[in-house]
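**Student:** only the shape, not the letters, is given here:
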Ligand SMILES: Cc1cc2nc3c(=O)[nH]c(=O)nc-3n(C[C@H](O)[C@H](O)[C@H](O)COP(=O)(O)O)c2cc1C
Ligand code: SF4
Ligand code: FES
């Protein structure tokens, strides 16, 4: 179900570990990064690769906050809402994004471009407030800076 | 400036992540030296250094290493805890991003001391870009013979796997981490048995924080006595602190253990932002009790001093709050965090944090009554010491300490201003 290149990456990942089930989290990451979210086919496929029944993959996929079981839009705006960011204006950033995009936490814009996701501490507390757009960090945010960042996205 | 750059010494040098600059700066000499020592000698040197775990609990690294039954006929594993998700803490990130070889060398020495041929770096998935940095450094180390088979002709084999987490604070707890690393949901395990005896895949396993392992090459190079002498008698060495919140210069600072908290705020941190007054500090990441300005003035950054003012050194995430902060609001923020991150395994924490959040929401909506504070404290009593893992306590301490030290901030949200402290400890 994946390109030969990705299939190779998956097999190499499994081969790294002394017990193949350990490859489960990395494999779900790979599938999500390829397909945008975790599809039912991906769950079945990963299960087959690791000798797990689909529900064993599913129960893990639903435990972790970085995994999404439905489409999440092109840019997932993950804004930290935890204490250090809060002290430095995270709630203003969230309010600004909600107003600008017309969506709330967990929602996707109708054009599928943005999802707004409130997340907990991103490890950017000394450069707060912070957000991650997909995997990229953006720190020391202000509402103006957020506008500039969004305007520059392709 | 009392900054003491041991672990951070190479951060500002050109190309610090490259193996050639690392070697030029004396890198991998400690590994060479360690491979000529006995395993017990290494462990004793680390014990002597008074290096205590930098992940939060502050347990002696050398003592933990000595718990591993090396004679047992099973593989041993070393796992580096790079899950770093304690709110207020962002120090492991630069340690991996700016000096990956220091960590790799520390892990190689630790693995040799434990008899582990394979070790893991469990890194939070959000730090995706750091995985690339680590893997590149590991590849370089492999190519130069510091990882792989027969390292430096010693007969010792060792390799490192970088393993991404996927967003779960609880996976920083070492046994939840091991379950996650085994491809399972991140629920903590019952202790004992401790991971040093029954850990990853049922084998003896040491879990250490990034900063703990990064200190090891320095201890081997210069000796445990030297390292210990940098800090206090019981808290050896230097420690990194992540300074965040209302200071002029937030950032990661490495200082000697025992460094005064107010100096960190006023010297490293450049003082309070906007010249405002200090109201409160959380000194060790969000899980430790909050202290007021008076206690902060007496607090030094070592395990004993933090304890003497009613808090803990924890992970070293120093969160500074000025006089404009409403401690009810910051506490609300934290109970929401712990409720979100509760893994759901045990009832006191799963249901308790749900109820706590509900009551905080009610108070925030202006519907709080004085008896709600009693109810909050009663719930806290029923979570603390009754939950399956320390996340339960971590959820409770910020609340009980906030109500104790800042009762007015809670009172002002309540409908009738009756005394609120009837059950505070
Ligand atoms: C809820 C919870 C979260 C934790 N998160 C982390 C973490 O993110 N990083 C870490 O190193 N230790 C964390 N710990 C502590 C680990 O369980 C463990 O004590 C530590 O990794 C041991 O390493 P050390 O002795 O070098 O500190 C956490 C503990 C608990 C209870
Ligand atoms: S205390 Fe909370 S996080 Fe820990 S096992 Fe119980 S439910 Fe899970
Ligand atoms: S609190 Fe926002 S990054 Fe840590």
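**Tutor:** Yep, it's here. This structure is a prediction, so every number in the text was calculated from the model and none was measured. Ligands and ions are numbered 1, 2, ... in the order given.

**Student:** so residue A:132 belongs to a helix, correct?
**Tutor:** No. Counting by DSSP: H, G, I helix; E, B strand; the rest coil, residue A:132 is located in no helix; its state is strand.

**Student:** in space, what's closest to it - neighbours in sequence excluded?
**Tutor:** Spatial nearest neighbour of residue A:132, chain neighbours left out: residue A:78 (4.4 Å); criterion: C-beta to C-beta, 6 or more residues apart in numbering or on different chains. In short, each C-beta sits where N, CA and C put it, glycine included.

**Student:** that neighbour touches residue A:130, doesn't it?
**Tutor:** No. In this structure residue A:78 lies outside contact range of residue A:130 using C-beta atoms under 8 Å: 9.3 Å.

**Student:** now the common contact residues for those two.
**Tutor:** Counting by C-beta atoms under 8 Å, 6 or more residues apart in numbering or on different chains, the common neighbours of residue A:78 and residue A:130 are residue A:122.

**Student:** near ligand 3, which residues of chain A?
**Tutor:** For chain A, the residues in contact with ligand 3 (C-beta under 6 Å from any ligand atom) are A:80, A:82-85, A:121-125, A:128, A:130.

**Student:** so which of these reach ligand 1?
**Tutor:** Among the residues of chain A next to ligand 3, not one lies near ligand 1 by C-beta under 6 Å from any ligand atom.

**Student:** out of those residues, which is nearest to residue B:107?
**Tutor:** The closest of those to residue B:107 turns out to be residue A:123 (C-beta to C-beta; 20.2 Å).

**Student:** now that closest one. Nearest residue, chain neighbours left out?
**Tutor:** Using C-beta to C-beta, 6+ apart, the closest residue to residue A:123 is residue B:90 (4.5 Å).

**Student:** that neighbour falls within a helix, correct?
**Tutor:** No. Counting by three-state DSSP, residue B:90 falls outside a helix, being coil.

**Student:** thinking it is in contact with residue A:125, fair?
**Tutor:** Yes. Between residue B:90 and residue A:125 a contact is recorded at 4.9 Å, counting by C-beta under 8 Å.

**Student:** overlap in contacts, those two.
**Tutor:** Taking C-beta under 8 Å, 6+ apart as the criterion, residue B:90 and residue A:125 both touch B:242, B:244, B:317.

**Student:** any chance of CSV for those residues, columns distance to ligand 1, secondary structure and neighbour count?
**Tutor:** Output for the shared contacts of residue B:90 and residue A:125, formatted as CSV (distance: C-beta to the nearest ligand atom, whole Å; DSSP: H, G, I helix; E, B strand; the rest coil; neighbours: other C-beta atoms under 10 Å in any protein chain shown):
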residue, distance to ligand 1, secondary structure, neighbour count
B:242, 12, strand, 28
B:244, 16, strand, 29
B:317, 10, strand, 30
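
**Student:** same list, those residues, but as CSV with distance to chain A please.
**Tutor:** As requested, these are exported to CSV (distance: C-beta to the nearest C-beta, whole Å):
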residue, distance to chain A
B:242, 5
B:244, 4
B:317, 6
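
**Student:** quick one, what contacts residue B:240?
**Tutor:** Per C-beta under 8 Å, 6+ apart, neighbours of residue B:240: B:7-8, B:54, B:91, B:95, B:211, B:252-254, B:316.

**Student:** same check on residue B:280?
**Tutor:** Applying C-beta under 8 Å, 6+ apart, the residues near residue B:280 are B:290-293, B:296, B:321, B:325, B:327, B:405-406.

**Student:** let me know the closest of those residues to ligand 1.
**Tutor:** Closest approach to ligand 1 among these (C-beta to the nearest ligand atom): residue B:290, at 17.6 Å.
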